[in-house]
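[1] Based on what follows, work out the 3D shape:
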Amino acid sequence: MKKGLTYDDVLLVPQYSDIKSRSEVSLATKFGRGVKLGLPIIASPMDTVSEANMAGSLGELGGISIIHRYNSIEEQSAMIASLGGEVLVGAAVGVSGDFMDRAVSAVAAGAKVICIDVAHGHHVLMKKAIKKIRKAVGKKIHIMAGNVATLEGFNDLADWGADSIRCNIGGGSICTTRIQTGHGVPGLETILQCAKSDRDAKIIADGGIKNSGDIVKAFAAGADAVMLGSLLAGTDCSPGTIFKTETGELRKTYRGMASAAAQRDWRGRVSSCEGISSSVPYRGKLADVIKELDRGIRSGLSYSGARSVRELQAKAQWMQQSNAGATESSAHIRLR
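    Down below sits the predicted model:
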């Protein structure tokens, strides 16, 4: 039986560094088809994460948002058009129904990335969708696809024409796919396996990332970018609803798109439920959250003596830690 590791199972070993300042570290990434990211962070296509406000603000900070598909074609395209072409933005589509009209409309509105967004991307419908969308939108548009959990899946999507691929199945904080279906691969293991590919497609670590340290580990394992949901859902730019708990804590709604509530809202019915509806602490301004993540990522690269993600991947040394080691890695003071 194979053994799979995820983010809390490992640490990167500190190495000699001559980096005197975090400003010496570059996170800029060439993502293909003319897409360049100053910050390789992608907002997940969820209705409590990524709409026009998130897209505009994250785009100004160097990242990119994928506008979710749980709306009408007109609503999605209007959000994209409202940005005026001033930032990079992508649009999510499915693999059936209105996906072709949605993709064409999004590109006409200004989307530079079309994200084919399904839970299990290693599928014949994905193969057909990539080829149809490429034919419809041309060679200048970046096609993102997923999700996959294996090297075979990654290679197939790359061969079908995907420029970047979302890697991980069932690892998100509000995703229950592994519980419901028994299928999945631990998040970090997925990245390590997909990084063995000799294809040119970019790797997106999607799901299970809780902090900047996990982002550094994802990059070291081979990811070119990370897709975030819960870490962005609590910010001022997400579409979720802010509310106050009985104890006075401010929180913001956050839900999986395969949750029962999301399916009722957008489909009018519930089929297979592979997510939950929940909330996250309200974290304030997106710019402040991104600044905190950016500092942590840059510091993480400097601990390995790396000035870029590529250099980190070449230098990374790993150590598997025990459960006690994982406990020791977190704040663990006992108040008496």
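[2] could you list every residue that touches residue 270?
    Shown in contact with residue 270 (C-beta atoms under 8 Å, 6 or more residues apart in numbering): 260, 263, 264. Glycine gets a C-beta too; all of them are placed from N, C-alpha and C.
[3] now it: how far from residue 93?
    Distance, residue 270 to residue 93, by C-beta to C-beta, to the nearest Å: 22 Å.
[4] same thing with residue 222?
    From residue 222 over to residue 93 the distance is 26 Å, taken as C-beta to C-beta.
[5] who has more neighbours, these two?
    Neighbours were tallied for residue 222 and for residue 93 using other C-beta atoms under 10 Å; the higher tally belongs to residue 93 (27 against 21).
[6] Mind pulling up the pLDDT for that one?
    Note for residue 93: predicted pLDDT of 98.
[7] just checking, it touches residue 67?
    No: look at residue 93 against residue 67 with C-beta atoms under 8 Å: they stay out of range, at 10.3 Å.
[8] any common contacting residues for those two?
    Common neighbours of residue 93 and residue 67 (C-beta under 8 Å, 6+ apart) are residue 106.
[9] thinking again about what came up before, among the contacts of residue 270, name the buried ones.
    By neighbour count, with 16 or more other C-beta atoms under 10 Å, the contacts of residue 270 hold 260, 263 as buried.
[10] which regions of this structure lie under the pLDDT threshold?
    For the chain, applying pLDDT under 70 flags the ranges 332-336.
[11] Go through it and flag its longest helix.
    For the chain, the helix with the greatest residue count under DSSP state H is helix 286-303.
[12] Residues contacting that helix, please?
    12, 14-15, 17, 19, 22-25, 27, 39, 41, 54, 57-58, 61, 63, 211-213, 215-216, 219, 231-232, 234-238, 283, 307-309, 311-312.
[13] Name only those of those that count as buried.
    Buried members of the contacts of helix 286-303, counted by 16+ other C-beta under 10 Å: 12, 19, 25, 27, 39, 41, 54, 57-58, 61, 63, 212-213, 215-216, 219, 231-232, 234-238, 283, 307-309, 312.
[14] Out of the residues you listed, name the ones that lie in strands.
    Among the buried ones among the contacts of helix 286-303, DSSP state E puts 12, 41 in strands.
[15] Can you pull the phi/psi pair for the most centrally placed residue in the chain?
    Closest to where the C-alpha atoms of the chain average out (C-alpha atoms, centre = their mean) is residue 227, at 1.2 Å. With angles defined as degrees, to the nearest 10, residue 227 sits at phi -110, psi 130.
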